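Participant: Build me a structure from this.
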Amino acid sequence: MEIGILRTGHSPDAMKDEFGNYDALFEKLLGGGGLTFETFSVVDGEFPSGAQDADGWLITGSRHGAYEKHDWIPPLEKLIREIDQSGKPLIGVCFGHQIIAQALGGKVEKFDGGWSVGRTEYMIDDKPVALNAWHQDQVVALPEGARVVGSSDFCANAVLAYGDHIWTLQPHPEFEPAFIEGLINKRGRGVVPDEQLDEAAQALPLPIDNGDIAKQMVAFFKSKENS
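Facilitator: Prediction:
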(Lines give C-alpha, C1' and ligand atoms only; values in the text may rest on other atoms or scores of the structure.)
Protein backbone atom coordinates (compact mmCIF):
# COMPACT_ATOMS: atom_id res chain seq x y z
CA MET A 1 0.00 0.00 0.00
CA GLU A 2 1.54 3.29 -1.09
CA ILE A 3 1.16 6.35 1.13
CA GLY A 4 1.68 9.78 -0.34
CA ILE A 5 3.35 12.06 2.19
CA LEU A 6 2.43 15.71 1.66
CA ARG A 7 5.37 17.53 3.23
CA THR A 8 4.27 20.98 4.35
CA GLY A 9 7.46 22.03 6.12
CA HIS A 10 11.08 21.12 6.71
CA SER A 11 13.03 20.05 9.77
CA PRO A 12 15.27 22.79 11.16
CA ASP A 13 18.50 22.93 9.15
CA ALA A 14 20.55 22.36 12.28
CA MET A 15 18.71 19.05 12.89
CA LYS A 16 18.22 17.70 9.38
CA ASP A 17 21.49 15.77 9.15
CA GLU A 18 20.79 13.93 12.40
CA PHE A 19 17.07 13.27 12.08
CA GLY A 20 16.15 13.75 8.43
CA ASN A 21 13.26 15.77 7.07
CA TYR A 22 9.67 15.49 8.26
CA ASP A 23 8.78 12.78 5.74
CA ALA A 24 11.70 10.66 6.97
CA LEU A 25 10.38 10.87 10.52
CA PHE A 26 7.07 9.37 9.39
CA GLU A 27 8.73 6.68 7.30
CA LYS A 28 10.68 5.65 10.41
CA LEU A 29 7.57 5.79 12.61
CA LEU A 30 5.48 3.66 10.25
CA GLY A 31 8.26 1.40 9.01
CA GLY A 32 7.63 -2.33 9.13
CA GLY A 33 3.91 -1.88 8.64
CA GLY A 34 3.86 -3.04 5.03
CA LEU A 35 3.55 0.48 3.66
CA THR A 36 5.59 2.21 0.97
CA PHE A 37 5.96 5.97 0.68
CA GLU A 38 6.29 8.72 -1.87
CA THR A 39 6.89 12.31 -0.76
CA PHE A 40 5.44 15.38 -2.43
CA SER A 41 7.03 18.55 -1.04
CA VAL A 42 3.94 20.72 -1.33
CA VAL A 43 5.60 23.48 0.71
CA ASP A 44 7.95 23.83 -2.28
CA GLY A 45 5.12 23.66 -4.83
CA GLU A 46 5.49 19.94 -5.64
CA PHE A 47 2.03 18.37 -5.88
CA PRO A 48 0.61 15.05 -7.06
CA SER A 49 -1.71 15.10 -10.04
CA GLY A 50 -4.60 14.11 -7.79
CA ALA A 51 -5.96 11.87 -5.05
CA GLN A 52 -5.51 8.78 -7.24
CA ASP A 53 -1.71 9.07 -7.10
CA ALA A 54 -1.51 7.12 -3.82
CA ASP A 55 -3.55 4.56 -1.88
CA GLY A 56 -3.57 6.79 1.21
CA TRP A 57 -2.28 10.17 2.27
CA LEU A 58 -0.48 11.79 5.20
CA ILE A 59 0.04 15.52 5.78
CA THR A 60 3.00 16.51 7.95
CA GLY A 61 3.61 19.30 10.41
CA SER A 62 4.95 22.72 9.46
CA ARG A 63 6.19 25.92 11.06
CA HIS A 64 3.64 27.77 8.91
CA GLY A 65 0.09 28.62 9.94
CA ALA A 66 -2.83 27.15 8.01
CA TYR A 67 -4.34 30.64 7.83
CA GLU A 68 -1.21 32.26 6.36
CA LYS A 69 -1.14 33.46 2.77
CA HIS A 70 1.12 31.06 0.88
CA ASP A 71 0.74 30.08 -2.76
CA TRP A 72 0.74 26.38 -1.93
CA ILE A 73 -2.08 26.45 0.64
CA PRO A 74 -5.11 26.89 -1.69
CA PRO A 75 -4.07 23.96 -3.95
CA LEU A 76 -3.39 21.86 -0.86
CA GLU A 77 -6.88 22.61 0.45
CA LYS A 78 -8.32 21.65 -2.94
CA LEU A 79 -6.38 18.36 -2.85
CA ILE A 80 -7.64 17.65 0.68
CA ARG A 81 -11.23 18.07 -0.49
CA GLU A 82 -10.52 15.76 -3.43
CA ILE A 83 -9.04 13.12 -1.12
CA ASP A 84 -12.04 13.45 1.17
CA GLN A 85 -14.43 12.92 -1.72
CA SER A 86 -12.43 9.94 -2.97
CA GLY A 87 -12.79 8.11 0.33
CA LYS A 88 -9.07 7.32 0.44
CA PRO A 89 -7.57 7.29 3.95
CA LEU A 90 -6.00 10.56 5.09
CA ILE A 91 -4.05 11.29 8.26
CA GLY A 92 -2.96 14.79 9.29
CA VAL A 93 -0.51 15.66 12.06
CA CYS A 94 -0.19 19.10 13.71
CA PHE A 95 -0.30 21.47 10.72
CA GLY A 96 -1.85 18.57 8.80
CA HIS A 97 -4.55 18.30 11.45
CA GLN A 98 -5.21 22.02 11.16
CA ILE A 99 -5.18 22.40 7.37
CA ILE A 100 -7.58 19.49 6.93
CA ALA A 101 -10.01 21.10 9.35
CA GLN A 102 -9.68 24.45 7.59
CA ALA A 103 -10.06 22.94 4.11
CA LEU A 104 -13.28 21.20 5.13
CA GLY A 105 -14.88 24.27 6.70
CA GLY A 106 -13.40 24.58 10.20
CA LYS A 107 -11.37 27.40 11.71
CA VAL A 108 -7.75 27.54 12.85
CA GLU A 109 -6.18 30.38 14.78
CA LYS A 110 -3.23 31.25 16.99
CA PHE A 111 -4.43 30.15 20.41
CA ASP A 112 -4.50 32.93 22.97
CA GLY A 113 -3.63 30.40 25.68
CA GLY A 114 -0.09 30.13 24.34
CA TRP A 115 2.05 27.11 23.51
CA SER A 116 1.98 23.40 24.17
CA VAL A 117 5.45 21.84 23.97
CA GLY A 118 6.91 18.49 24.94
CA ARG A 119 5.27 15.52 26.60
CA THR A 120 1.53 16.06 26.92
CA GLU A 121 -1.19 13.77 28.21
CA TYR A 122 -4.30 13.26 26.11
CA MET A 123 -7.45 11.21 26.33
CA ILE A 124 -7.90 9.47 22.97
CA ASP A 125 -10.88 7.18 22.54
CA ASP A 126 -11.30 7.35 26.33
CA LYS A 127 -7.77 6.08 26.98
CA PRO A 128 -4.82 8.06 28.41
CA VAL A 129 -2.07 8.63 25.86
CA ALA A 130 1.19 10.58 26.23
CA LEU A 131 2.60 12.23 23.10
CA ASN A 132 4.92 15.09 22.30
CA ALA A 133 3.40 18.41 21.25
CA TRP A 134 4.85 21.51 19.63
CA HIS A 135 2.23 24.07 18.65
CA GLN A 136 0.49 27.34 19.34
CA ASP A 137 -2.17 27.19 16.61
CA GLN A 138 -5.31 25.17 17.26
CA VAL A 139 -8.50 24.07 15.54
CA VAL A 140 -11.06 26.26 17.30
CA ALA A 141 -14.18 25.47 15.22
CA LEU A 142 -14.95 22.04 13.78
CA PRO A 143 -15.98 21.36 10.20
CA GLU A 144 -19.37 19.81 9.66
CA GLY A 145 -19.14 16.07 10.17
CA ALA A 146 -15.96 16.13 12.26
CA ARG A 147 -16.06 14.49 15.67
CA VAL A 148 -13.65 14.89 18.56
CA VAL A 149 -12.02 11.61 19.58
CA GLY A 150 -9.16 13.04 21.63
CA SER A 151 -8.37 16.06 23.77
CA SER A 152 -6.07 17.44 26.44
CA ASP A 153 -6.56 20.04 29.14
CA PHE A 154 -4.90 22.56 26.80
CA CYS A 155 -6.32 21.47 23.43
CA ALA A 156 -10.01 20.57 23.26
CA ASN A 157 -9.94 19.47 19.61
CA ALA A 158 -6.70 17.51 19.69
CA VAL A 159 -7.77 14.44 17.71
CA LEU A 160 -10.51 14.50 15.09
CA ALA A 161 -12.19 11.90 12.89
CA TYR A 162 -14.23 12.43 9.75
CA GLY A 163 -16.30 9.42 8.74
CA ASP A 164 -14.08 6.34 8.61
CA HIS A 165 -11.43 7.74 6.25
CA ILE A 166 -9.86 10.82 7.87
CA TRP A 167 -8.06 10.85 11.22
CA THR A 168 -6.04 13.86 12.43
CA LEU A 169 -3.89 14.60 15.46
CA GLN A 170 -2.58 17.83 16.93
CA PRO A 171 0.36 16.13 18.76
CA HIS A 172 3.41 14.63 17.04
CA PRO A 173 3.76 10.83 17.29
CA GLU A 174 6.74 11.11 14.92
CA PHE A 175 8.70 13.29 17.40
CA GLU A 176 10.91 11.23 19.68
CA PRO A 177 12.35 12.84 22.85
CA ALA A 178 15.67 13.53 21.11
CA PHE A 179 13.88 15.51 18.41
CA ILE A 180 12.01 17.54 21.02
CA GLU A 181 15.33 18.21 22.77
CA GLY A 182 16.67 19.54 19.48
CA LEU A 183 13.65 21.78 19.01
CA ILE A 184 14.02 23.12 22.54
CA ASN A 185 17.65 24.04 21.96
CA LYS A 186 17.63 25.05 18.30
CA ARG A 187 14.20 26.47 17.57
CA GLY A 188 12.40 27.16 20.84
CA ARG A 189 14.57 29.67 22.67
CA GLY A 190 13.30 33.19 22.13
CA VAL A 191 10.00 31.88 20.69
CA VAL A 192 8.49 29.69 23.42
CA PRO A 193 8.66 30.90 27.04
CA ASP A 194 11.79 29.57 28.74
CA GLU A 195 9.78 28.16 31.65
CA GLN A 196 7.81 25.92 29.29
CA LEU A 197 10.95 24.80 27.49
CA ASP A 198 12.61 23.95 30.79
CA GLU A 199 9.56 21.91 31.85
CA ALA A 200 9.59 20.09 28.53
CA ALA A 201 13.28 19.33 28.95
CA GLN A 202 12.67 17.87 32.41
CA ALA A 203 9.97 15.57 30.98
CA LEU A 204 12.18 14.13 28.21
CA PRO A 205 12.99 10.87 30.10
CA LEU A 206 9.31 10.07 30.71
CA PRO A 207 7.63 7.42 28.53
CA ILE A 208 5.53 8.34 25.50
CA ASP A 209 3.14 6.29 23.38
CA ASN A 210 4.46 6.88 19.87
CA GLY A 211 4.60 3.16 19.14
CA ASP A 212 0.95 2.59 20.01
CA ILE A 213 -0.16 5.50 17.83
CA ALA A 214 2.03 4.24 14.97
CA LYS A 215 0.21 0.90 15.12
CA GLN A 216 -3.13 2.72 15.01
CA MET A 217 -2.00 4.77 12.01
CA VAL A 218 -0.90 1.68 10.08
CA ALA A 219 -4.14 -0.12 10.95
CA PHE A 220 -6.13 2.93 9.86
CA PHE A 221 -4.45 2.95 6.45
CA LYS A 222 -4.72 -0.81 6.02
CA SER A 223 -8.41 -0.83 6.89
CA LYS A 224 -9.02 0.96 3.58
CA GLU A 225 -6.46 -0.99 1.55
CA ASN A 226 -8.91 -2.81 -0.71
CA SER A 227 -11.68 -0.24 -0.80
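Participant: hang on, isn't I208 packed against F179?
Facilitator: No - assessed by C-beta atoms under 8 Å, I208 is found out of contact with F179, at 11.3 Å. C-beta here means a position set from N, CA and C on the backbone, and glycine is covered the same way.
Participant: Which of the two has more residues huddled nearby?
Facilitator: Ranked by neighbour count (other C-beta atoms under 10 Å), I208 and F179 place I208 first, with 24 against 19.
Participant: any idea how far G50 is from the more buried one?
Facilitator: 36 Å (C-beta to C-beta, to the nearest Å).
Participant: Need the residues touching each of I208 and F179.
Facilitator: N132 (C-beta atoms under 8 Å, 6 or more residues apart in numbering).
Participant: need the contact list for the spatially most central residue of the chain.
Facilitator: Centrality entry for the chain: nearest residue to the mean C-alpha point is V93, 1.0 Å, by C-alpha atoms, centre = their mean. Applying C-beta under 8 Å, 6+ apart to V93 gives the contacts 26, 58-61, 168-169, 171-174.
Participant: make it 7 Å
Facilitator: Contacts for V93 (C-beta atoms under 7 Å, 6 or more residues apart in numbering) come out as 60-61, 169, 172, 174.
Participant: CSV for those residues, including neighbour count and pLDDT?
Facilitator: Putting the contacts of V93 into CSV (neighbours: other C-beta atoms under 10 Å; pLDDT from 0 to 100) gives the following:
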residue, neighbour count, pLDDT
T60, 28, 98
G61, 26, 97
L169, 25, 98
H172, 26, 98
E174, 27, 97
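Participant: Now for those: which two are most distant?
Facilitator: Spanning the widest gap among the contacts of V93 are T60 and L169, at 11.6 Å by C-beta to C-beta.
Participant: distance of the nearest residue to T36 once chain neighbours are set aside from G96?
Facilitator: Spatial nearest neighbour of T36, excluding adjacent residues (C-beta to C-beta, 6 or more residues apart in numbering): E2 at 4.9 Å. Distance of E2 to G96, computed by C-beta to C-beta: 18 Å.
Participant: Looking at the two, which one has more neighbours?
Facilitator: Under the neighbour definition other C-beta under 10 Å, E2 and G96 were set side by side, and G96 has more, 29 against 12.
Participant: quick one, what contacts that one?
Facilitator: So G96 contacts 8, 59-61, 168 (C-beta under 7 Å, 6+ apart).
Participant: quick check, W134 in a helix?
Facilitator: No - looking at W134 with DSSP: H, G, I helix; E, B strand; the rest coil, it is strand, so not inside a helix.
Participant: Name whatever forms a beta bridge with it.
Facilitator: Judged by DSSP bridges, the bridge partners of W134 are V117.
Participant: Go ahead and confirm V218 touches G31.
Facilitator: No - with contact defined as C-beta atoms under 7 Å, V218 does not count as touching G31 (9.7 Å).
Participant: between those two, which one's more packed in?
Facilitator: It is V218, of V218 and G31, that has more neighbours when counted by other C-beta under 10 Å, with 19 against 12.
Participant: List phi and psi for that one.
Facilitator: Main-chain dihedrals, V218, degrees, to the nearest 10: phi -60, psi -40.
Participant: Any idea how many residues pack against the closest residue to N21 other than its chain neighbours?
Facilitator: Of all residues beyond its chain neighbours, the one nearest N21 is S11 (5.1 Å), with distances taken as C-beta to C-beta, 6+ apart. Using other C-beta under 10 Å, S11 is surrounded by 23 other residues.
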